[in-house]
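# sequence and predicted structure below; questions after.
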Amino acid sequence: MHKATVTGSSDRTKPPRSFRTIRDMGACRLRDVVTASIVSLWVLGPGLVSAQGTPTDQLILRHQRALQRNPTDARAYYRLGDACVQKARETGDVGYFVLAERALRKSLDLAPRQSGALRHLAYVLYARHEFREAAAYARRAIKLDGSDGHAYGILGDAHLEVG
């Protein structure tokens, strides 16, 4: 009898498995909706994307505003890509890597000899497990700046992954 009481009380403290599953699915769906919204806003135009007001969100917003004023500023695209990489690392939301890649590629379209943008793009590709392409961009970054230790790190890691 005592055993049944203990089992019964622990069952009441834990939510049913189906409830936890529904809750977890809701969190995944919410994350997917937020990511899709951010990507949609980016694709639809140079509108501002603002999330929760963290320092990284504010940095993203600042660079977006700079790009509204001067849409040909390669450095602002690079900084926006850098901020999106930081946001992806902070949140674990890979949607920010999509935004970072887009900004970094635009930066490189405007100024192709930016070793920092090449290195950051290599990092984004590495994070998405596109190791061969990451290695290629890391090599390009090293060719422009042979002292870039971070680019060497990405290159080495990418080579480890592809064998």
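Sure, I can see it.

# when you work out contacts or count neighbours from here on, use the C-alpha atoms and nothing else.
Noted.

# quick one: the helices in the protein?
Here the chain has its helices, by DSSP state H, at 2-13, 17-44, 55-69, 74-91, 95-110, 115-127, 131-144, 149-162.

# and residue 163, what pLDDT?
Per-residue pLDDT puts residue 163 at 84.

# mind listing what it touches?
Listed by C-alpha atoms under 8 Å, 6 or more residues apart in numbering, residue 163 has no contact partners.

# how does it look with 10 Å?
Going by C-alpha atoms under 10 Å, 6 or more residues apart in numbering, residue 163 touches residue 157.

# against residue 98, how distant is it?
Residue 163 is 26 Å from residue 98, where distance means C-alpha to C-alpha, to the nearest Å.

# also residue 75?
For residue 75, the distance to residue 98 - C-alpha to C-alpha - is 18 Å.

# low-scoring stretches of the protein, by residue?
1-52 (pLDDT under 70).

# what about 90?
1-53, 163 (pLDDT under 90).

# for residue 125, what are its contacts?
Residue 125 makes contacts with 97, 98, 101, 119, 131, 132, 133, 134, 135, 137, 154, 158, as judged by C-alpha under 10 Å, 6+ apart.

# what's the burial count for the residue nearest to residue 162 when sequence neighbours are not counted?
Using C-alpha to C-alpha, 6 or more residues apart in numbering and skipping residues adjacent in sequence, the residue nearest residue 162 is residue 131, 6.7 Å away. Neighbourhood size, residue 131 [other C-alpha atoms under 10 Å]: 23.

# correct me, but residue 131 touches residue 161?
Yes: in this structure residue 131 lies within contact range of residue 161 using C-alpha atoms under 10 Å: 6.8 Å.

# which neighbours do the two share?
With C-alpha under 10 Å, 6+ apart, residue 131 and residue 161 have common neighbours residue 155.

# which of the contacts of residue 125 lies closest to residue 90?
Nearest to residue 90 out of those is residue 97 (C-alpha to C-alpha; 11.7 Å).

# any idea how far the closest one is from residue 157?
For residue 97 relative to residue 157 (C-alpha to C-alpha), the value is 18 Å.

# name the residue in those two with the higher neighbour count.
residue 97 (25 against 16).

# make sure that one is actually in contact with residue 80.
No: contact criterion C-alpha under 10 Å: residue 97 and residue 80 do not qualify, at 11.3 Å.

# that's all I had, so thanks and see you.
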